[in-house]
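*Asks:* quick one, structure for this:
(one chain, ligands or ions: 2)
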Amino acid sequence: MTSFHKAGATFFAFAQAFDLRHTPTPQQAAAIEAALDKYGVVAFRNQAIDGDQQHAFTGAFGKPREATFKELGSANTRFVDIGNVDYDGRAIGPESLTALYMRANLLWHTDGSFNEKPTRYTILHARELPPVPPPTEYADMRAAWDALPPARQAELVGLRVVHSIVRSREQMGMTADQFTADTLQSKPPVEHPLVRRHRLSGRRSLYLASHASHVVGWSLDKGRALVEELIAYATQPRFVYSYDWTPHDLLIWDNSRTMHRATPYDGPHPRKMRQSGVHELDVV
Ligand code: OGA
Ligand code: MN
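*Replies:* Numbers count the residues shown, from 1 in each chain. Ligands and ions are numbered 1, 2, ... in the order given. Next up, the predicted model:
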């Protein structure tokens, strides 16, 4: 019987008795969504699945998102390959544009917030890990919201924030000319609410990311200062869970109420993670 067990922090759970070589039934998919609503991140350990099986798992939650980043140079639009090895198993040089682009994962973020329809759920599968894998850290943006004093909450509700891919990459030293024309044209800055209300639970959470640039209607400096202050606040240890990967783990998380970041790994062993996702329905 399928069940979910909470880890130390309240927003991270482990799924039990799932074999993801079989596509989840609609009932199982609904149970996973309910668990995500409750916890934010769910880990399925030791799932030796292939690409078709990951694609089928992803499709249980909506139409799989197409990976369209030319900078990441993936051969396959079903997945984004994260790590130090590309889709064909070739090492990604630390100086390459792909590596530079991926280093932005070291910044606290939520996936795809630079899109009108961000990624609702991200699915990340550990295909191959180094002997001491770098953990991935998650921040509970709902708990961070809940812990704010009501007067502060009242000031924040209703604010809108500009997100752009250029903002997160400029923090990693990328300049506009390093983006493909396709990315700049297809990913103009977008606006999202600073405080989101969850489509299932109705609970509020802060919605921030490395892609968050400034506040609509405020000066750039004032808006950026607020974004930076709130990211620092929401990623204090009391809101963070650090996940230690074991081979073939699959994690799924709700991007509307969490942030995450990679932690550094400089090799020499391969780290091959395969990422897929589904789009958000509506950003509210
Ligand atoms: C991602 C991501 C972090 C990591 O897949 O969206 O940010 O540790 N990954 O690889
Ligand atoms: Mn990410």
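*Asks:* quickly find the element holding the residue of the chain most remote from its centre.
*Replies:* Relative to the C-alpha centroid of the chain, counting by Cα atoms, centre = their mean, A151 is the outermost residue, at 29.3 Å. For A151, the enclosing helix or strand under DSSP states H and E is helix 150-156.
*Asks:* so what's whatever residue of the stretch 151-284 of the chain ends up closest to ligand 1 closest to, chain neighbours aside?
*Replies:* Nearest residue of the stretch 151-284 of the chain to ligand 1: A262, at 3.3 Å (Cβ to the nearest ligand atom). Heads up, the C-betas are built off the backbone N, CA and C, glycines and all. Leaving aside its sequence neighbours, A262 sits nearest to N105 (Cβ to Cβ, 6 or more residues apart in numbering; 4.0 Å).
*Asks:* so what's G59 up against?
*Replies:* Under the criterion of Cβ atoms under 8 Å, 6 or more residues apart in numbering, the contact list for G59 reads T23.
*Asks:* from S276, how far off is it?
*Replies:* Note on G59: its distance to S276, by Cβ to Cβ, to the nearest Å, is 9 Å.
*Asks:* likewise K187?
*Replies:* Noted for K187: a distance of 19 Å to S276, by Cβ to Cβ.
*Asks:* which parts of this protein sit against ligand 1?
*Replies:* Neighbours of ligand 1 within the chain, by Cβ under 6 Å from any ligand atom: 82, 105, 111, 122, 124, 136, 260, 262, 273, 275.
*Asks:* now those in a markdown table, with neighbour count and secondary structure?
*Replies:* Formatted as a markdown table, the entries for these read as follows, by neighbours: other Cβ atoms under 10 Å; DSSP: H, G, I helix; E, B strand; the rest coil:
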| residue | neighbour count | secondary structure |
| --- | --- | --- |
| I82 | 19 | strand |
| N105 | 21 | helix |
| D111 | 25 | coil |
| T122 | 24 | strand |
| L124 | 23 | strand |
| T136 | 22 | strand |
| H260 | 25 | strand |
| A262 | 20 | strand |
| M273 | 24 | strand |
| Q275 | 22 | strand |
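*Asks:* please enumerate the helices of this structure.
*Replies:* 26-39, 51-59, 97-103, 141-146, 150-156, 165-170, 181-186, 220-234 (DSSP state H).
*Asks:* ends of stretch 211-224, how far apart?
*Replies:* 11 Å (Cα to Cα, to the nearest Å).
*Asks:* any residues touching that stretch, and which ones?
*Replies:* With Cβ under 8 Å, 6+ apart as the test, stretch 211-224 has contacts from 109, 113-114, 159-165, 167-168, 189, 191, 194, 226-227, 231.
*Asks:* for D111, which residues are in contact?
*Replies:* Contact partners of D111, counting by Cβ under 8 Å, 6+ apart, are 118-119, 122, 255, 277.
*Asks:* and the residues you listed, which are buried?
*Replies:* Burial by neighbour count, 16 or more other Cβ atoms under 10 Å: within the contacts of D111 this picks out 118-119, 122, 255, 277.
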